[in-house]
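Asks: From the sequence below, what's the structure:
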Amino acid sequence: MNPLFKIKSHIHLSDVGQDAKIRLGNLVDKFQNAGWMHFQELQKRLPSMDPCLLYFVVSQKVDIHTVPSLNEPVVLQSFITDANRFKITRLVEIRDAAKKLIASQIEDAFVVNKLTGKIARLPENYPIHLMVDDLRKLTFHRDKIDVPAGGHQIKSNFRVLPRDVDNYGHMNNARYLDLIAEHSDRIREVSINYLHPAKLGMELEYLRIQVDQSVFYTIRNGKQIMSKIKLALK
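Replies: This is a model prediction of the structure:
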């Protein structure tokens, strides 16, 4: 079984801002859609998972080489580079028509029981090895984001609406980036730590701090930190 998954797409009007360049959240949407479709294809050829189990993404790292523009044709390739009974690492790459790398994302996720919210595991006999691309080895990395103390903070708020929620009842990961002030073409790298799932109706507070060419966002629901984001600027 070939674990590589490849799809062709375009940058649509709904993906871009006023500069005709893809918005950061929509870029992550492209990565997520490719990953989701890849997993659906894998599930057709693998034993069914317990419906109570799901993969909860704990970190994402996005490298942006060139920001795609409106109507640009792109190819997305998804690979599972490492997996065991508890966690999974996925690499998704976006390339242009000339096969040049535009952007890439590494995504790490744990197996979680959606009823208890606790880390779970796949059965011992689950054929995990069939999911992994042996030619693309990247192990679970989860870079921890440490937000610097002090400094000038800018605050904004985001309320989780029905359109922001995914099939698991949590806010879609790409929506965390909708309040990012920086334009995609100014960003070289994005790292995100997901600590707790945001749910419908939550009022999220964004705290922004910039230190030199690094921008940090702390997303809170009351006193609870839901996520941390680090942007490395060009």
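Asks: Name the spans of the chain whose pLDDT lies under the cut-off.
Replies: By pLDDT under 70, the low-scoring segments of the chain are 1-3.
Asks: Secondary structure element holding the residue nearest the centre of it?
Replies: Nearest to the geometric centre of the chain sits Gln60, at 4.8 Å (CA atoms, centre = their mean). Secondary structure from DSSP states H and E places Gln60 in strand 53-64.
Asks: Would you mark the buried spots in that strand?
Replies: Neighbour counts over strand 53-64 (16 or more other CB atoms under 10 Å) mark Leu54, Tyr55, Phe56, Val57, Val58, Ser59, Gln60, Lys61, Val62, Asp63, Ile64 as buried. Backbone N, C-alpha and C define where each C-beta goes, glycine included.
Asks: Give me the packing partners of it, helices and strands only.
Replies: Where contact means 3 or more CB pairs under 8 Å, 6 or more residues apart in numbering; DSSP states H and E, strand 53-64 is packed against helix 24-45, strand 101-113, strand 187-194.
Asks: got TSV for these, with mean neighbour count too?
Replies: Putting the helices and strands packed on strand 53-64 into TSV (neighbours: other CB atoms under 10 Å) gives the following:
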stretch	mean neighbour count
helix 24-45	18
strand 101-113	20
strand 187-194	20
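Asks: would you turn the ones you listed into CSV with distance to Pro68?
Replies: Converted to CSV, these look like this (distance: least, CB to CB, whole Å):
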stretch, distance to Pro68
helix 24-45, 7
strand 101-113, 6
strand 187-194, 13
